[in-house]
Structure formats: structure tokens, C-alpha cells
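Novice: missing the sequence, but the structure's below:
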């Protein structure tokens, strides 16, 4: 783990690495690079890097830095999984000064409940209060336009 550094400096990000992974993910398949750049520029971002500077992980938080945050786009490249990097990344996210004292910190996941529960995330107790506008094929629609 001492070979990996986590920073929240957006200038360190390798957008090509991030886009290559996220555009193939189940949650943002085919996301256009321009959309991803806009999302990143309006978020608190975290990158995981090898000593060589190569990016191997990422997380993004949308937040007002006072009451609410939404964690998304968390990944570790496949060849670096199983080394504890996702935990290291989540420790950095949860310890960030701008994410302290929030009333609500949310995320959505299909497959990583075990990871996030280690950091205090639980299933929503009253999902009936939550609403959404969900357009799962929006990136496909943008590509066809």
C-alpha cells in the first residue's frame, strides 16, 4: 500500500484512464468524454496513483460540502484489485475535510455493498422517501444524436 498515493488534486487525473474504465462500466456505459469531463470538473475527485504517476483508481463525490454528498464512479483497475486499494481510496474519501459533518452521504452500487458497509454506509431504511429521474440509456442516445 505504501506504493500507492491518493490525492484529491484534479490536475493529477488521467482522463483517458478514467474514461476508458467508466465508459465500459455498468453504471455509465458509453458516457461521452465531454460529459465525464464536465462531471469531474464539478466534483470533488480522488485519484489513486503508483509512484510512477500511473493512475490505478478513482472516486468522485458530488457535494455541497456542508449537508449532502453523493459518491460515484469509484473504481480500481482490474489488475490492481485485491490489494486493498479500494479500502485505501475509501479511507481517503471518508477522511476528506470537506466531507465531515454531512447529514447525508449516499451512493448506489450493484456489487460492492461489502466494501462500502466497512465505511458506515447502510441500505436506505426508508426508500419510499427517495425519488429519481433515471435515464439509463442517455449516453447511447447522445452517441446516436
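Specialist: Received, thanks. Since the structure is predicted, the reported quantities are computational estimates derived from the model, not experimental observations. Numbers count the residues shown, from 1 in each chain.

Novice: and residue 95, how many residues sit next to it?
Specialist: Using other Cβ atoms under 10 Å, the number of residues around residue 95 comes to 10. C-beta coordinates here come from the backbone N, C-alpha and C atoms, glycine included.

Novice: separation between it and residue 124?
Specialist: According to Cβ to Cβ, to the nearest Å, residue 95 stands 24 Å off from residue 124.

Novice: what does residue 134 give?
Specialist: 15 Å.

Novice: ok, the two, which is more surrounded?
Specialist: Taking other Cβ under 10 Å, residue 134 and residue 124 do not tie; residue 124 has more neighbours (12 against 6).

Novice: wait, a strand at that one?
Specialist: No - under the criterion used here (DSSP: H, G, I helix; E, B strand; the rest coil), residue 124 is coil, not part of a strand.

Novice: residues contacting it?
Specialist: Counting by Cβ atoms under 8 Å, 6 or more residues apart in numbering, residue 124 touches residue 130.

Novice: and it, what pLDDT?
Specialist: We have a pLDDT of 94 for residue 124.

Novice: does residue 25 sit in a helix, a strand or a coil?
Specialist: Under three-state DSSP, residue 25 falls in the coil class.

Novice: the nearest residue to it once chain neighbours are set aside and residue 89, how far apart?
Specialist: Using Cβ to Cβ, 6 or more residues apart in numbering and skipping residues adjacent in sequence, the residue nearest residue 25 is residue 75, 7.0 Å away. According to Cβ to Cβ, residue 75 stands 9 Å off from residue 89.

Novice: mind listing the shared neighbours of those two?
Specialist: With Cβ under 8 Å, 6+ apart as the test, residue 75 and residue 89 both reach 57-59.

Novice: and these, which of them are in strands?
Specialist: The strands, defined by DSSP state E, take in 57-59 from the shared contacts of residue 75 and residue 89.
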